[in-house]
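> One predicted model, sequence on top.
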Amino acid sequence: MIYDNNNLSDWAKNVIHTVNTEINYNLTAPLLKDLSGKQNTSELMAVIEMREDSLERVPLSPNPFIVLFDRPSNKGNLGTMIRSCDALGADLLIITGHAVDLYEPDVVVAAMGSFFNLPVVRISDNNKLYQYMEDLKLSYPGFTVIGTTAHKENPIYNTDLSVPIMLMMGNETMGLNKAFKERCDALCTIPMSEKAYATSFNVSCAGSILMYEITRQRSE
């Protein structure tokens, strides 16, 4: 833990005394402010070990709900996607391809506490992903891969999302890559108003809408 011993709330003091750490650092207020990188200095920071990027180590629910984000390029979008996955009950978020750094401070801040609750795994080898998908199809009957597109395809609310599922979200600019689309069981879209000037949603907004529809169908 890293903190200024002269500026701690009762909450922070309790965290320091109850969380098992290897070593703590008491810093001066100016140095803590520089490290915090925020207008309102964080009273408590921590140096923690990064998670291992392993799909097999992530436990799944009996009816898996997995989200894949292909090559996210915006820090805020990735952080928001993590937060939405956590809020709407996803088991796991997979990040593929050349993507923004998962541990970039802006990603962590945008994700809020969800960053530490939701398993997020980065995959650079698509073959490992494809094998994981095949294993899921064998382990969970009815496992379905849903791809997303801004073009008019199957309306998301007409698709059965109550089954074990992987929802694939595409890159903000280029959408879902062709190789992933070819492995999808269905491509779905969010119908938009005929009066709309907008032709697509922000990817994190779209992800939230699609995940909400998954949870809505599963609650019926």
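Sure, I can see it.
> Could you use CA atoms for every contact and neighbour count after this?
OK.
> can you map out the helices along this structure?
For the chain, the helices defined by DSSP state H cover 10-18, 29-36, 75-87, 105-111, 126-139, 178-182, 203-219.
> got the contact list for residue 101?
Going by CA atoms under 8 Å, 6 or more residues apart in numbering, residue 101 touches 75, 107.
> how about a cut-off of 10 Å?
72-75, 78, 107, 122 (CA atoms under 10 Å, 6 or more residues apart in numbering).
> Check residue 47 too.
Counting by CA under 10 Å, 6+ apart, residue 47 touches 1-2, 21, 23-24.
> Among those residues, which one lies nearest to residue 46?
Distance to residue 46 across the contacts of residue 47 (CA to CA) is lowest for residue 1, with 4.4 Å.
> Compute the number of surrounding residues for that closest one.
When neighbours are counted by other CA atoms under 10 Å, residue 1 registers 17.
> Then residue 189?
Residue 189 has 19 nearby residues by other CA under 10 Å.
> Over to the one 10 residues further on?
Taking other CA under 10 Å as the neighbour definition, residue 199 ends up with a count of 10.
> Let's see the pLDDT reported for residue 135.
Note on residue 135: pLDDT of 96.
> And it, how far from residue 169?
21 Å (CA to CA, to the nearest Å).
> Check residue 82 too.
12 Å.
> mind listing what residue 34 touches?
Contacts of residue 34 (CA under 10 Å, 6+ apart): residue 41.
> per-residue confidence at the residue minimising distance to the centre of the chain?
Geometric centre of the chain, nearest residue: residue 82, 2.8 Å, by CA atoms, centre = their mean. pLDDT recorded at residue 82 is 97.
> what do you get for the one 4 residues further on?
At residue 86, the predicted lDDT confidence score is 97.
> Quick check: it touching residue 66?
No: counting by CA atoms under 10 Å, residue 86 does not reach residue 66; the two are 11.0 Å apart.
> what touches both of the two?
Overlap of the contact sets of residue 86 and residue 66 (by CA under 10 Å, 6+ apart) consists of 92-93.
> So what touches stretch 16-27?
Against stretch 16-27 from outside (CA under 10 Å, 6+ apart): 1-6, 8, 10, 12, 32-33, 44-48.
> related to what we said a few turns ago, so for residue 82 and residue 169, which residues contact both of them?
Common neighbours of residue 82 and residue 169 (CA under 10 Å, 6+ apart) are 67, 69, 204.
> Please tell me how far the first one sits from residue 166.
Read it as residue 67. Here residue 67 is placed at a distance of 6 Å from residue 166 (CA to CA).
> anything in contact with each of these two?
Common neighbours of residue 67 and residue 166 (CA under 10 Å, 6+ apart) are 90, 92-94, 145-146.
> a markdown table please, covering those residues and showing pLDDT, neighbour count and distance to residue 57.
Shown next, in a markdown table, are these (pLDDT from 0 to 100; neighbours: other CA atoms under 10 Å; distance: CA to CA, whole Å):
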| residue | pLDDT | neighbour count | distance to residue 57 |
| --- | --- | --- | --- |
| 90 | 97 | 24 | 16 |
| 92 | 97 | 23 | 11 |
| 93 | 98 | 24 | 13 |
| 94 | 98 | 19 | 13 |
| 145 | 97 | 22 | 21 |
| 146 | 95 | 23 | 23 |
